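Visitor: pasted the sequence and its predicted model underneath.
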Amino acid sequence: MKKYKVGLVGVRRGSSYLSVFANNPRTEIAAVCDLKHEPLVEIAKQYHLNDNRLFTDYYDFVNADIDIVVLGTPIPFHAEQTVAALENGKHVLSEVTASDTIEGCEAIFKAASRSKYKYMLAENCIYMHFCRQWKKWVDAGKLGPIYYAEADYVHEIRHLVIDPATDSPNWRAQRPPIHYCSHSLGPLLYLMDDYIVKATCSGKNKTIIRDVGPGAIDIQVALFETAKGATIKVLRSSVATRRPPLCTYGIYGKYGFLESGREDYENIGMRYFEGEDPKGV
Ligand SMILES: NC(=O)c1ccc[n+]([C@@H]2O[C@H](COP(=O)([O-])OP(=O)(O)OC[C@H]3O[C@@H](n4cnc5c(N)ncnc54)[C@H](O)[C@@H]3O)[C@@H](O)[C@H]2O)c1
């Protein structure tokens, strides 16, 4: 069995993939890359990597002997790094979101379309336990045709927008909250087997934190229309004063609805299918 050689770039959040690939019998960690050398040295010790497997330049890394590039870098780098990896004959597993611009998304789409290598967006909320169960109900026709869905993702990460140690804005200061919509749209579109054709959004006030850019916007609400004609509403904030974080989903079909709870990630929600009693999910 071929063992795929995995290279990780961006070793903060991205490091969470290391043990997964190190423990999978079909993959091994073959290289790591980051602008900072020190964290690479720590990883090298843990995963027994020689110095020549550590990179601080992405273009040296992407030419190294690896099969899969795992992108854990800030979103503004994703498009350029994805295209370079695909063009250098590597598969890509990219952290969310794919890109922060329409042009970046187009470049990724074109590069992935013409490449024989695979591109995958690592949208993890699709793998939440309830989402797998809901999919079975949706596919069994329990909801019938779906006409509306919604998701709220309110996760206060002010310290990642303005670095408290230096009081300086980080890259998330330039990210409008609604741009980070994949944790909301990912599960809904997976359940609905659908895609977005129209989008509009409201929300521009910055009253909670210092105005360091669109990342300081208090809250945004987007409305989407899907190819099948359904409506989706998404509420997003990175700074709103709410504890615990809110990550919730609701979906309405002709014959019933599914709704997750609002207390925490594990909270029990509700389901109702016509002809049955309402129940917790
Ligand atoms: N799926 C999730 O639940 C989840 C959670 C957190 C973050 N993320 C995603 O993970 C990605 C990284 O987020 P983060 O919080 O770790 O960001 P971060 O800014 O804290 O860390 C990014 C790392 O990448 C390195 N880096 C920056 N530019 C680089 C470059 N050009 N080449 C090589 N290395 C570079 C930095 O030195 C740093 O170590 C983002 O896409 C983010 O949206 C996803």
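Guide: Alright, I've got the coordinates.

Visitor: quick one: secondary structure of the most centrally placed residue in the chain?
Guide: Taking CA atoms, centre = their mean, the centroid of the chain lies closest to V96, which sits 3.1 Å from it. Secondary structure state of V96, per DSSP: H, G, I helix; E, B strand; the rest coil, is coil.

Visitor: so who does it touch?
Guide: Neighbouring residues of V96 by CB atoms under 8 Å, 6 or more residues apart in numbering: 121-124, 180, 182-183, 186. Just so you know, the C-beta spots here come from the backbone N, C-alpha and C atoms, and that holds for glycine as well.

Visitor: for the ligand, see how far away it is.
Guide: From V96 across to the ligand, the span is 5 Å (CB to the nearest ligand atom, to the nearest Å).

Visitor: from the ligand, how far off is the closest residue to S202 other than its chain neighbours?
Guide: The spatially closest residue to S202, leaving aside those adjacent along the chain, is V221, at 5.5 Å (CB to CB, 6 or more residues apart in numbering). Taking CB to the nearest ligand atom as the measure, V221 falls 21 Å from the ligand.

Visitor: where do the helices sit along the stretch 51-200 of the chain?
Guide: Using DSSP state H, counting those that start in this stretch, the helices of the stretch 51-200 of the chain run over 58-62, 78-87, 102-114, 129-139, 158-161, 182-192.

Visitor: wait, a strand at the residue nearest to S202?
Guide: Yes. Under three-state DSSP, V221 falls within a strand.

Visitor: bridge partners for it, pull those for me.
Guide: Note on V221: beta-bridge partners S202, L235, judged by DSSP bridges.

Visitor: quick check: A79 touching T101?
Guide: Yes. The criterion here is CB atoms under 8 Å, and A79 meets it with T101 at 7.2 Å.

Visitor: so those two - more neighbours on which side?
Guide: A79 (21 against 13; other CB atoms under 10 Å).

Visitor: what's the distance between the residue lying closest to that one once chain neighbours are set aside and the ligand?
Guide: Nearest residue to A79, sequence neighbours excluded (CB to CB, 6+ apart): G104, at 3.1 Å. Plainly put, G104 is 12 Å away from the ligand if you go by CB to the nearest ligand atom.

Visitor: number of residues surrounding G104?
Guide: 20.

Visitor: for T200, what are its contacts?
Guide: Residues near T200 by CB under 8 Å, 6+ apart: 222-223.

Visitor: go on, I66?
Guide: The contact partners of I66, by CB under 8 Å, 6+ apart, come to 5-7, 30-31, 90.

Visitor: what do you get if the cut-off is 6 Å, keeping everything else the same?
Guide: Residues near I66 by CB atoms under 6 Å, 6 or more residues apart in numbering: 5, 7, 30-31.

Visitor: for it, give me the pLDDT.
Guide: pLDDT, I66: 98.

Visitor: nearest spatial neighbour of it, chain-adjacent residues omitted?
Guide: Excluding the flanking residues, the one nearest I66 by CB to CB, 6+ apart is G7, at 3.7 Å.

Visitor: what does A30 give?
Guide: Distances taken as CB to CB, 6+ apart put K5 closest to A30, at 3.6 Å, once the chain neighbours are dropped.

Visitor: since that was my last question, I'll sign off now.
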